[in-house]
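Asks: quick check, what structure comes out for this input:
(chains A, B, C and D)
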Protein chains: 2
Amino acid sequence: MVIKEKGKRSKNKLLEAAEKCFTKYGLDASGVDEICKTAGMSKGAFYHHFSSKQDLFLEMLNQWLAIIDGYINTAREDSSNMLEIFMNISKAKQIFKDAGSKLPVFIDLWIRATRDDNLRKITIGSYQKYLKIFKDLVEEGKKKKIIKSINSDTAARLIIAVAVGFIMQGMLDPDGTEWDKVAKDSPMILLEGILR
Amino acid sequence: MVIKEKGKRSKNKLLEAAEKCFTKYGLDASGVDEICKTAGMSKGAFYHHFSSKQDLFLEMLNQWLAIIDGYINTAREDSSNMLEIFMNISKAKQIFKDAGSKLPVFIDLWIRATRDDNLRKITIGSYQKYLKIFKDLVEEGKKKKIIKSINSDTAARLIIAVAVGFIMQGMLDPDGTEWDKVAKDSPMILLEGILR
DNA sequence: ATATAAATACCGACCAGTTGGTATCTTTTG
DNA sequence: CAAAAGATACCAACTGGTCGGTATTTATAT
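Replies: A predicted model of the protein is given here:
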């Protein structure tokens, strides 16, 4: 079958509409009705494709995590040494461009995962996966004597903190600075330190 | 009068109850009814003290920002040089202890500020105030040749990113590591860099 | 000090609107 | 035709917020 079954297409339409709504109003404030209206579909269609609003959250999150996986794997394939991988990931201009509008919703999901066990399981699973990637990267650097003998767990979490922290700030104060520039310069500061 | 007027006490009771609820269920999921029940008061009392749920958000946020102000000012008064101030702020064991339960709610407010103009104004105002503090600190360090000639705006935002990022991770994965240890080690890594 | 007046603090039933979700029916598709 | 997809009408639960009335303080006058 050349054309995706109409069902899948409709489902995607709903997913995209949901993303629009979530970006605009937030997770909680976006009602199922609103999402349907945005998608130009009916509530019946919605509940034909998703068993609940939650269910849509989960599918959306899984979809995005797959995208992030893609970015990371690409960065890994395109680079030969550990330092290159790190820089390629953290530059992440692509992420900020493609996923820019997704990021606030992603944070929203993150917060929600704090209180929702289903979401939490998925989120924490991926979180730990990425954590491990950075940890291994640091460990490798330590073995090759490129990196100081710092705790690799701490370092990995620090790297993630920077990423998440920038997203949060970018959401609150998008015009406060040139965020892509900040994001570009920060990995270097992180690597080389602040002190002379 | 030794004892606070009863009115203020009741208002505080509501504020505290709200904090409990928000910590447990999140901002949106905590209904006014729930807050009142937790406080052991009536809805009438609530709307006697606050003009709306929003209004309570604002008061709560202002209250907390005042606390943070206190921490920062204390750190400034207790230290003589720029580096000490920075370390005193970022150690912030006191913040993590006292305000531990508040932090998730704080993040929740942050997200909400993204879409709510009133909240945004307050939040962004404080954000920029703290940003400036760090910026000035970095500038001072640069003048004294302690700090590299990095962009002070970027550096300041990087520092904030680390703080916010740790809070976010701590919320998602509280038992994943010893966060106070991570928080203690990170400033040093930030200062001295990762690379050898 | 006591009576009175006036705020302040508080209660809880109630309302209009919205929410996620369901049940039933119709259309499209293979 | 049967199954999938979609539409419409509907509902029970819950939401933030209102309102008329009552209890409790606090200020004032005597």
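
Asks: and A:Gly40, its phi and psi?
Replies: Torsion angles at A:Gly40 (phi, psi; degrees, to the nearest 10) stand at phi 70, psi 40.

Asks: what segments of chain A are helices?
Replies: Ranges of helices in chain A, per DSSP state H, are A:6-25, A:32-39, A:43-49, A:53-78, A:82-91, A:93-98, A:102-115, A:117-143, A:152-172, A:179-192.

Asks: out of those helices, which is closest to B:Ile72?
Replies: With Cβ to Cβ as the criterion, B:Ile72 lies closest to helix A:152-172 of the helices of chain A, at 17.8 Å. C-beta: built from backbone N, CA, C; applies to glycine.

Asks: sorry, back to before: which stretch in the helices of chain A is the model least sure about?
Replies: With a mean of 66, helix A:93-98 has the lowest mean pLDDT of these.

Asks: how distant is stretch A:158-176 from the center of its chain?
Replies: Stretch A:158-176 has its C-alpha centroid displaced from the chain centroid by 12 Å (Cα atoms, centre = their mean, to the nearest Å).

Asks: how close does A:Ile150 get to B:Glu178?
Replies: Computed as Cβ to Cβ, to the nearest Å, the A:Ile150 to B:Glu178 distance reads 15 Å.

Asks: DNA strand C contacts on chain A?
Replies: Chain A comes close to DNA strand C at residues A:5-6, A:29-34, A:43-44, A:47, A:51-54, as judged by Cβ under 7 Å from any atom of the strand.

Asks: between those residues, which sits nearest B:Ala113?
Replies: Nearest to B:Ala113 among the residues of chain A next to DNA strand C, counting by Cβ to Cβ, is A:Ala29 at 13.7 Å.

Asks: how close does that closest one get to DNA strand D?
Replies: As judged by Cβ to the nearest atom of the strand, to the nearest Å, A:Ala29 and DNA strand D stand 11 Å apart.

Asks: what sits against that residue?
Replies: B:Asp28, B:Arg115 (Cβ atoms under 8 Å, 6 or more residues apart in numbering or on different chains).

Asks: ditto for A:Ala161
Replies: A:Ala161 sits next to B:Ala161, B:Val162, B:Ala163, B:Val164, B:Gly165, B:Phe166, B:Met168, B:Gln169, B:Ser186 when contact means Cβ under 8 Å, 6+ apart.

Asks: how does it look with 6 Å?
Replies: Taking Cβ atoms under 6 Å, 6 or more residues apart in numbering or on different chains, we find A:Ala161 in contact with B:Val162, B:Gly165, B:Phe166.

Asks: ok, now how distant is the residue nearest to the last one when sequence neighbours are not counted from B:Tyr127?
Replies: Spelled out, it's B:Phe166. Among residues not flanking B:Phe166 along the chain, A:Ala161 sits closest, at 5.0 Å (Cβ to Cβ, 6 or more residues apart in numbering or on different chains). Separation of A:Ala161 from B:Tyr127 (Cβ to Cβ) stands at 17 Å.

Asks: right, and A:Ala155 touches A:Val138 too?
Replies: Yes. Contact criterion Cβ atoms under 6 Å: A:Ala155 and A:Val138 qualify, at 4.7 Å.

Asks: thinking again about what came up before, need the winner for burial among the helices of chain A.
Replies: helix A:152-172 (a mean of 22; mean count of other Cβ atoms under 10 Å in any protein chain shown).
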